[in-house]
Structures are given as C-alpha cells and as structure tokens.
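Peer 1: Turn this into a structure:
(2 chains, ligands or ions: 3)
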There are 2 protein chains.
Amino acid sequence: PAVPGRSTARLRTFIATLTRAVERHAAAPVPGAADEAALLATLRPALAALVAHDDWLPDGLATPDPRRYRQVLLHADPLERCSVVAFVWGPGQRTPVHDHTVWGLIGMLRGAETEQAWRPGADGRLQPHGPPRTLRPGEVATLSPATGDVHQVANASTEVPAISIHVYGANIGAVRRSVWEADGTRRPFISGYSNPWVPNLWDRSLELSA
Amino acid sequence: PAVPGRSTARLRTFIATLTRAVERHAAAPVPGAADEAALLATLRPALAALVAHDDWLPDGLATPDPRRYRQVLLHADPLERCSVVAFVWGPGQRTPVHDHTVWGLIGMLRGAETEQAWRPGADGRLQPHGPPRTLRPGEVATLSPATGDVHQVANASTEVPAISIHVYGANIGAVRRSVWEADGTRRPFISGYSNPWVPNLWDRSLELSA
Ligand SMILES: [Fe+3]
Ligand SMILES: [Fe+3]
Ligand SMILES: [Mg+2]
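Peer 2: Ligands and ions are numbered 1, 2, ... in the order given. As a prediction, this is how the structure comes out:
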C-alpha cells in the first residue's frame, strides 16, 4: 500500500522535475556557476509549487523531536546527484552555523524559519553577514557555494513547530562538510538523516484503479 | 539513522549500476529488442553479484505474510524507468499467471522459486510452455515481452520461506498488466506494493565517520 493518509502525487511530480533538471545539468559539457544559476532558476518555481500546498507530507514524518530538529529524507537520487529533505523544527530549535558545499533550495511548508548568513570578515573569521531573513509559507530561498553557503537556520517561533523542504545538489546526509562552534572553531560534519525509513511514493495502484 | 542491522552498501551499488544502465538505455536513439537484450546482459552479472551474498536485506522486510506473497519495493527510479522489488514468499505461496509488459530480471536470494512459462497455444489460449524451472540461491533469470513474459511463479518449498530480488523496466507496481484466471479469463492487474515505507539506503554517515 501507499503511505497512509496523504496523496504523494505533488511530491512525485516535484521529484520528476528535479530529476530531469539534474540529469540535464549533470550531462552539461561545462558545469559552472552560470550553469548552477540556471539550474536553481529552473527548480525555484517547481519547489514553490510543491510548498504552495501543505497537504502532502505524510503525518508520520511531520512530528518534531523535542530534543533536536529532524532531517527527514524524502528522496535521494540513485546516483546521489540530489536529495529532498524535510526539516521538522520543534519550537525554538536551530542548527549550528554550517556550510553545504553544494547548491540548495529551501521552501517553507508550515510555520516560518529564520536564516542568518555568515561570511568571513577582514580577519578571516566567520561573522554574521546582513540581517536575518524570515521565510514564510510558500516562499523559496536558494543557496550556492559560488555566492557563500554558510548560514544558521532556526524555527522563527518559540511556540509552534515549523517544516521546510530542502533540496540539495548531492545526497546531503552523506556530504563531508563543516559546522562552526560559537568560538569560531571549525569541526567536520556529516549530517546523516533522522529517518531509517522513507515513504513509498510509488504505489499508485489505488489511484490508477480508481 | 540508517536501517538497523544491515549494511545497505551492496544494494546501493546495484542501484547505481542499474541507474547508469537504464539512463544510457533510455537515451539510446533506437530502442528495441537488441537494445533490451544488451541491457539485460549488462544487468545480469550485477544482479548476480547482489544475490551472491544474503547479508543485506533489512530484517524488517524479510518476514513472509502468512496470507499471501509480499512485493516489497526496495527502490523506484524517480522517473519510473526501473524498480527493484523483493518477493517474500511464505511456504507454498504462488502468483497467479501474469504478464509484465516490461523487461525483468529475477535473482534468487534465499530459498528457491519455481517458474512456469505460459504461451498461447494453437487455439490462442495460454497454456504451460516447457517444463517448470527452478531458481536456486545466486541464480538469475531474465524475462522480456519480446520473447514472451507470461509466467507463474511459486515458492519451491511448502516448508520454508523464499526471497527473490526482481528488477523491472518500469515502476512495476504501477504498470497496467494482466492476470489469467484458471479458466483462461484475462483480468486487468495493477500489483501495487506491500510496503508503505522503503528503507533509507542513503544515510552513510556512520560508515563515513568510521
Ligand atoms: Fe543549511
Ligand atoms: Fe513475474
Ligand atoms: Mg542522463
């Protein structure tokens, strides 16, 4: 059977668009910053369409962990060229300052998120860069190593949960990247995922026989 | 976290080989029977390598359902160009006579399976074709609509479970195909899958940080 209680069609449609775009991108003869910008421009409206409706995330994946934010894998490309992850935030939860090393998009599904960019200052040490930005339901932000991909993200609320849908140019849970401690110390980081089981998005037998 | 108790590396390796082969196949200018035979020839040793070791299927997926054989989705291609399914047989369980409409491979992981081919006779009605074949651990069989893809499959044992790994040229659970009743009546069939959750094969954080 399919995952109970939710139509997974919206997510399947997004994954198909993502896969086609990433396969074209991987096959492009001269990968680079311009190519990546074009890819992000293609994916932005597709992710906006996905988070325009909060009716598809399986309930079993939407519950925060009171101890820390959850990184719930929804889809990994079989050649690890991209991944789709739900960040499920309890009230007041936040990431450390971290990088990604690959392109990414963040679409807000439920609640709101605050993002603070960090960039190297004159002394080479990371410092907050610009004002924090708030992402509201339906909004999409992008990030790219070409323009700086170090940030800290938090649930904008200390009272209600929040859920955002993240898309990355790799199997992000297996990428060797970095977090920075409060004192500026850099530490190696491989995030993994919070979920040992991924929803079966591919059982379309009920809708096909309807 | 990753699926508990098993290394998913063998399955990930197979899925990568499968994906590369299927993407090349999908991009081929003249799809056809020869192209399909070449694809099957590429995939056969890869599947044989996967089922040469019975140490990777997550325990939670390997338990038979006493009521009927289980079709456990392990991987679906995001563009539905292929899928990998574990058939988990209780003692004495069998499929109806059925077709596939797409290419397939079957690799025996645990226990043994009996396959009987069915082909149209002089009167146009399906009848058993040739002797039944037994598939033993480590062995791989292929099937293709080009050479006839109607068969009936059963656990060769009435006493112990069996598990085989099936690979198809589509999201097989969503393919419109056919089963035949004992009286020869053809009936539309969309198999679906038995599992609402698929193993997360992509959390490599533990092995990467080891
Ligand atoms: Fe981030
Ligand atoms: Fe079959
Ligand atoms: Mg390609």
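Peer 1: Which stretches in chain A count as strands?
Peer 2: With strands called from DSSP state E, chain A shows them at A:70-76, A:83-89, A:97-98, A:104-110, A:113-120, A:126-135, A:140-143, A:151-155, A:162-168, A:177-180, A:186-189, A:197-199.
Peer 1: Parallel or antiparallel, list what pairs with the longest one.
Peer 2: Read it as strand A:126-135. Within its sheet, and counting by DSSP bridges, strand A:126-135 is paired with strand A:113-120 (antiparallel).
Peer 1: Tabulate the CA atom coordinates of the partner strand in CSV.
Peer 2: The C-alpha coordinates for strand A:113-120 follow below in CSV (Å, rounded to 0.1, in the frame of the first residue of the first chain):
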residue,chain,number,x,y,z
GLU,A,113,12.1,29.9,9.6
THR,A,114,14.8,32.5,10.2
GLU,A,115,18.1,32.4,8.3
GLN,A,116,21.3,34.2,9.2
ALA,A,117,24.1,34.2,6.6
TRP,A,118,27.7,34.1,7.9
ARG,A,119,30.7,35.2,5.8
PRO,A,120,34.4,35.6,6.5
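Peer 1: Quick check: beta-bridge partners of the spatially closest residue to residue A:141 that is not a sequence neighbour?
Peer 2: Nearest non-adjacent residue to residue A:141, counting by CB to CB, 6 or more residues apart in numbering or on different chains: residue A:106, 4.8 Å away. For the C-beta atoms, the positions are set from N, CA and C on the backbone; glycine is no exception. Taking DSSP bridges as the rule, residue A:106 bridges to residue A:141, residue A:166.
Peer 1: now residue A:187
Peer 2: residue A:179.
Peer 1: Could you give the number of residues near it?
Peer 2: For residue A:187, the neighbour count with other CB atoms under 10 Å in any protein chain shown is 10.
Peer 1: which residues touch the residue nearest the centre of chain A?
Peer 2: Central residue of chain A (CA atoms, centre = their mean): residue A:166, 1.3 Å from the mean position. Residue A:166 is in contact with A:84, A:85, A:86, A:87, A:104, A:105, A:106, A:107, A:172, counting by CB atoms under 8 Å, 6 or more residues apart in numbering or on different chains.
Peer 1: on that earlier part again, which stretch among the strands of chain A comes nearest residue A:59?
Peer 2: strand A:197-199 (10.7 Å; CB to CB).
Peer 1: Strand partners (parallel or antiparallel) of the closest one?
Peer 2: Assessed with DSSP bridges, strand A:197-199 is paired to strand B:197-199 (antiparallel).
Peer 1: and for the strand it pairs with, what are the contacting residues?
Peer 2: Against strand B:197-199 from outside (CB under 8 Å, 6+ apart): A:3, A:196-200, B:3, B:8, B:58, B:61, B:73-76.
Peer 1: again, only using 6 Å
Peer 2: A:197, A:198, A:200, B:3, B:58, B:73 (CB atoms under 6 Å, 6 or more residues apart in numbering or on different chains).
Peer 1: Take those residues and write them to TSV, including pLDDT and neighbour count.
Peer 2: Output for the contacts of strand B:197-199, formatted as TSV (pLDDT from 0 to 100; neighbours: other CB atoms under 10 Å in any protein chain shown):
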residue	pLDDT	neighbour count
A:197	95	17
A:198	96	22
A:200	96	22
B:3	64	23
B:58	92	21
B:73	98	25
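Peer 1: ok, so of these, who is nearest residue A:38?
Peer 2: Once CB to CB is applied, the member of the contacts of strand B:197-199 that ends up nearest residue A:38 is residue A:198, at 29.0 Å.
Peer 1: is chain B contacted by the worst-scoring helix or strand of chain A on mean pLDDT?
Peer 2: The weakest-scoring helix or strand in chain A, judged by mean pLDDT, DSSP states H and E, is helix A:205-209 (a mean of 82). Yes: using CB under 6 Å from any CB of the partner chain, helix A:205-209 comes into contact with chain B via A:205, A:208, A:209.
Peer 1: just those now: which is nearest ligand 3?
Peer 2: Nearest to ligand 3 among the residues of helix A:205-209 next to chain B, counting by CB to the ion, is residue A:208 at 27.0 Å.
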